[in-house]
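*Asks:* Predicted model follows, preceded by the sequence.
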Amino acid sequence: MSQGNTSILLLQDASISARNYIDLTINQVDQGLNYSIGRASYVKPVQIWDKKTGKLTDFTTHFSFAIKPAEGITEEHGDGLAFFLTDNSNSTISSSTAGGGIGLYNSSATNCSNSIIAVEFDTWKNDWDPVGNHIGIDINSIVSAKTVTWNTSSKDKASVWITYNSSTQLLSVFLTYDSHTVFNGVSPNLSYTIDLRKYLTEWVFVGFSASTGNASELHKLYSWDFCSSLETGKTGKTGKTWVVILVSCVAAIFAGLGFGWFLKRRKKKQEIVADDDDDDVELHAAMDDEFEMESGPRRFTYAELALATNNFDEKGKLGEGGFGGVYRGFLTDLNLEVAVKRISEGSKQGIKEYVSEVKIIGRLRHKNLVQLVGWCHQRGQLLLVYEFMPNGSLDSYLYKNRSSMLWELRYKIAHDLAYALLYLHEEWEQCVLHRDIKSSNVILDSNFNAKLGDFGLARLVEHGKESQTTVLAGTMGYMAPECLFTGKASKESDVYSFGIVALEIACGRRSIEMNTDPAMIRLVEWVWELYGRGKLVEAADPSLGKDFNEKQLERLLAVGLWCAHPDCNVRPSIRQAIYVLNFEASLPILPCQMPVPSYFSTSSFRMSSVLNNITSSHDTTHTQSSCKSFPTDSSKLITMFPPLSSASASFLLN
């Protein structure tokens, strides 16, 4: 393997199956399934903390796997599989780690010489284990620091998210099955507070390990993504390090267009936010004058807003956002109903959102933007006051009250949102990049006029110039694929998000639906497949029945696909999209198959197909992948991730 390539390192018994997933242990009965050990890890180290600053990274990894008995084997099976972080790059595995050691720890000892943090999925009770199958968090020891019972009776494919919050130092594990509840980032199966700096070096290797002992079983890894952010790179230059690893295969329903599945929240904020290049924001008295000079909204006192909301009574709570709750209130002196957003000042990102809202939306005036009435920062609270929108958010109507959302209203809402974006991108004195357009941020007034809200992630850019902010921000399912690799928002990435919302409006389906047929998980892929078969009308929300204008439906869906094109250079401007929606331009001509996204970078990325670039301790035959490879010395074109149906896997490291 050349130094420039990126790939997965397979050790001991790990191999690529004929069906393009990874077998971590031996899967052939005639080869002997007992006492098998295998690992699959990313070949390059990942930085999890910085020694100079002491700063830890946040990371999220998502993978899908199955532990099954081998065909024809009916006796008890064991031992298990683990996700690990270690500072040990050894390419050999001790045979003493078989069985209960899960390929990581010496099963005869309660500690190990290497630094290893692992999350184990244990299917065999050893002397040190609790009763029954369990999930455990291991810290330099085979004896778990904390465990929780794990029901594996279904033998289904499991989907797991492991997250680490650098602020709370909380390591959390979420597990679900394809046919069960989707990950929402809120209620982990298991969590444990740990300062990774005490146990691991700055740079670690990440991957998976599995083993069998007296009993046997098969350990199948179907998909994997890993995302980590830290401001210091190994070269010593200041900047962001984003690591994205994705394994996909025919059966891997979780891969798709380079997003990975590192969702932090689903219903509430569902945002990925890292510190951007702005200086830390501090609130002080001088900011009051700045706010008043730059914005029309007025300053409120905490007492005024506490009175208006009945002391932030939970009965008047309208919803919960990523940085706090929203409460219904009434301002007596203005005779005005309002919605008061309460943000904790303890959150650095919350402060940035607060300042961004006041300084940006406070200056904007458009009928399709939520009006900011005022602001307050007192008593350790950050409070934003908006006009009250009695009909709530668009997503609540699309997914909870679908029968009341008539087609004429849906088409009008799509128009309203498009005109809001046109104002932001082209008609105000500066270009405003919203960066978080989604159905839950589209709010409906008493007459069901749609207004775009939540400008906490918005940034101002001079017309004709690019954004310099390199923070990754937005919501999975709505975020353009190129944003994951550059961190830079653009008008094109906002248009992508608009396209996804347009598809949601027409189809009555979320951008990502986990509890459905694998071919229908990602809305844009499903609609594109129908488009390719000439059956676009079949994407219409079933609750509409036949009560819709077929020509309008065709236009809204075609515009949605055009805007959500994987290649940002092919997407229309929002003005061009409006022309099509208004029947002032012809329908766009799109490829019958959803294109593989491509992206030009000034960085020396290396793109390679994992199945064509696996490094094995046994020099096993590599399975050919359908994903093309481009040498970085002659081209900066990076082909990212194919649609779900593609039997390929790619790895990128920036």
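*Replies:* That came through fine. Numbers count the residues shown, from 1 in each chain.

*Asks:* So what pairs up with the closest residue to residue 104 other than its chain neighbours in the strands?
*Replies:* Among residues not flanking residue 104 along the chain, residue 209 sits closest, at 5.1 Å (Cβ to Cβ, 6 or more residues apart in numbering). (Each C-beta comes from the backbone N, C-alpha and C, glycine too.) Bridge pairing for residue 209 (DSSP bridges) gives the partners residue 39, residue 82.

*Asks:* now swap in residue 339 and tell me
*Replies:* Applying DSSP bridges, one finds that residue 339 bridges with residue 328, residue 386.

*Asks:* can you count the residues close to it?
*Replies:* 23 (other Cβ atoms under 10 Å).

*Asks:* Surely residue 562 is within a helix?
*Replies:* Yes - counting by DSSP: H, G, I helix; E, B strand; the rest coil, residue 562 is found in a helix.

*Asks:* Use 49 as the first number for this chain going forward.
*Replies:* Renumbered: residue one is now 49, and that last one reads residue 610.

*Asks:* Who are the contact partners of it?
*Replies:* 547, 618, 619, 620, 625, 628, 636, 638 (Cβ atoms under 8 Å, 6 or more residues apart in numbering).

*Asks:* next one: residue 605
*Replies:* Going by Cβ under 8 Å, 6+ apart, residue 605 touches 550, 551, 554, 555, 575, 579, 584, 587.

*Asks:* Next, it: phi, psi?
*Replies:* Main-chain torsions, residue 605, degrees, to the nearest 10: phi -70, psi -40.

*Asks:* separation between it and residue 544?
*Replies:* Distance, residue 605 to residue 544, by Cβ to Cβ, to the nearest Å: 15 Å.

*Asks:* Quick check on the closest residue to residue 205 other than its chain neighbours: phi, psi?
*Replies:* Spatial nearest neighbour of residue 205, chain neighbours left out: residue 114 (4.8 Å); criterion: Cβ to Cβ, 6+ apart. Main-chain torsions, residue 114, degrees, to the nearest 10: phi -140, psi 140.

*Asks:* What of residue 525?
*Replies:* Dihedral angles (degrees, to the nearest 10) for residue 525: phi 100, psi -30.

*Asks:* Without its sequence neighbours, what residue ends up closest to it?
*Replies:* Nearest to residue 525 is residue 559, by Cβ to Cβ, 6+ apart, at 3.5 Å.

*Asks:* Show the contacting residues for the one you found.
*Replies:* By Cβ under 8 Å, 6+ apart, the neighbours of residue 559 are 486, 525, 526, 548, 551, 552, 570, 571, 572.

*Asks:* and the two most separated of these?
*Replies:* Largest separation among the contacts of residue 559 by Cβ to Cβ: 486 and 570, giving 14.9 Å.

*Asks:* Just the pLDDT for the residue nearest to residue 205.
*Replies:* Per-residue confidence at residue 114 stands at 87 (pLDDT).

*Asks:* Neighbours of it, how many?
*Replies:* 20.

*Asks:* ok, now which ones touch it?
*Replies:* Residues in contact with residue 114 (Cβ under 8 Å, 6+ apart) are 203, 204, 205, 206, 266, 268, 270.

*Asks:* Could you measure from it over to residue 89?
*Replies:* 19 Å.

*Asks:* wait, doesn't residue 110 sit right on residue 206?
*Replies:* No - counting by Cβ atoms under 8 Å, residue 110 sits too far from residue 206 to count as a contact (11.3 Å).

*Asks:* residue boundaries of the strands in the stretch 449-598 of the chain?
*Replies:* Remark: strands assigned in the stretch 449-598 of the chain by DSSP state E, counting those that start in this stretch are 479-481, 490-492, 498-500, 507-509.

*Asks:* nearest spatial neighbour of residue 540, skipping sequence neighbours?
*Replies:* Spatial nearest neighbour of residue 540, chain neighbours left out: residue 616 (4.1 Å); criterion: Cβ to Cβ, 6+ apart.

*Asks:* and the one you found, how many neighbours does it have?
*Replies:* 21.

*Asks:* phi, psi of it?
*Replies:* Torsion angles, degrees, to the nearest 10, at residue 616: phi -60, psi -20.

*Asks:* Would you mind confirming that it makes contact with residue 538?
*Replies:* Yes - between residue 616 and residue 538 there is a contact at 7.0 Å, judged by Cβ under 8 Å.

*Asks:* Am I right that residue 407 sits in a strand?
*Replies:* No - looking at residue 407 with three-state DSSP, it is helix, so not inside a strand.

*Asks:* That one - how many residues pack around it?
*Replies:* 17.

*Asks:* Same check on residue 636?
*Replies:* Residues near residue 636, counting by other Cβ under 10 Å, number 18.

*Asks:* Look up how far residue 358 lies from it.
*Replies:* Counting by Cβ to Cβ - residue 636 and residue 358 are separated by 51 Å.
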